[in-house]
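Asks: build me a structure from this.
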Amino acid sequence: MANTINATAGIGIVATGDNSNELNLQTNGVTGLSIDSSQNVSFANTLALGVSGSVMELTLSAAAETVTIAATAATGTVNFDVSTQSILYYTSNASANWTLNIRGSSSVALNSIMSTGQSVTITHLVTQGGTAYYNSAVTVDGTSVTPKWSGGSAPSAGNANSVDVYSYTLIKTGSGSFTVFASQTRYA
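Replies: This next block holds a predicted model:
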C-alpha cells in the first residue's frame, strides 16, 4: 500500500490501497520525495543539504559514483555527460588527440543545470598504447575554455602503454562562464 504524507492535509499518512509499499512526501498534493519497497529514494527536484550551526547535515559512509566503461578509443570530440556519469573509462587505445566536451547531456546544457557558485568534478580515464595521445582542448557546452592545469602547463603528450587519468573540476562563475581546474596523472 502506498502511504502519502501531505503537508496541506496536515501531518498524517494517507493510505491509497494500491499495495505498492511506497512512501510519498507531498506539499500541496505534489510528491517531492518517494521511497519505494527496495528503499530507493527519489526526489522531484533538488535535495539541498547544508550546515546547521557547526554540524554538517550530510554524512556519507559509502557513496558510489557512476562509471561508464566503454571499449572506445579517445579521438575527435569526446562528449562527457555529467548527468549520467562521474567517471568515463575508455578501455581501447587512444587513436588521436581529442577535445573533451563537458555537458549536461546530449539535450541539456551543463550551464542550465548548474547555478553560479556550484562545482562538479569529473574524471576521464584514457587507455594508451605504444603511441600515446592527449587531451588537446576542453569545451563546456561546446564553448572553448582554457583549463588551469596542475603544475602550471597543459599536457603536450600522453603516456605510452599506460592509462592517463584526467580530472577536471568545473566551477560555474556566471551564466555560461566556467573556471576549469585540470590534471593528468599516469597509471602504469
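Asks: can you give me the helices in the protein?
Replies: Applying DSSP state H to the chain gives helices spanning 110-113.
Asks: could you list the domains of it?
Replies: Split into domains by automatic domain parsing, the chain comes to 3-45, 67-187.
Asks: comparing the ones you listed by mean pLDDT, which bottoms out?
Replies: If you rank the domains of the chain by mean pLDDT, domain 3-45 sits at the bottom with a mean of 66.
Asks: and the residue nearest the centre of the protein?
Replies: Val82 (3.8 Å; C-alpha atoms, centre = their mean).
Asks: rewinding a little: just name the most buried of the domains of the chain.
Replies: Scoring the domains of the chain by mean neighbour count under mean count of other C-beta atoms under 10 Å gives domain 67-187 as the most buried, with a mean of 16. All C-beta spots, glycine's among them, are computed from the backbone N, C-alpha and C.
Asks: that one: end-to-end distance?
Replies: Distance across domain 67-187, first residue to last, is 18 Å (C-alpha to C-alpha, to the nearest Å).
Asks: what's the answer for stretch 102-114, then?
Replies: End to end - C-alpha to C-alpha - stretch 102-114 spans 13 Å.
Asks: which residues touch it?
Replies: Residues outside stretch 102-114 that contact it (C-beta atoms under 8 Å, 6 or more residues apart in numbering): 79-84, 120, 122, 138-142, 168, 170, 172, 175-176, 178.
Asks: mind checking which of the residues you listed land in strands?
Replies: If you go by DSSP state E, the contacts of stretch 102-114 have 79-81, 120, 122, 138-140, 168, 170, 172, 178 in strands.
Asks: what's the most distant pair in those?
Replies: In terms of C-beta to C-beta, the ones in strands among the contacts of stretch 102-114 reach their longest pairwise distance at Asn79 and Lys172, which sit 18.8 Å apart.
Asks: name the nearest residue to the residue nearest to the centre of the chain, ignoring sequence neighbours.
Replies: Distances taken as C-beta to C-beta, 6 or more residues apart in numbering put Val120 closest to Val82, at 5.6 Å, once the chain neighbours are dropped.
Asks: look up how far Leu33 lies from the one you found.
Replies: 23 Å (C-beta to C-beta, to the nearest Å).
Asks: Thr66 is in contact with Thr84, correct?
Replies: Yes. Thr84 is in contact with Thr66 according to C-beta atoms under 8 Å; the separation is 6.8 Å.
Asks: now do the spatially closest residue to Tyr89 that is not a sequence neighbour against Ser92, distance only.
Replies: Excluding its sequence neighbours, the residue lying closest to Tyr89 (C-beta to C-beta, 6+ apart) is Leu125, at 4.3 Å. The spacing between Leu125 and Ser92, counted by C-beta to C-beta, is 12 Å.
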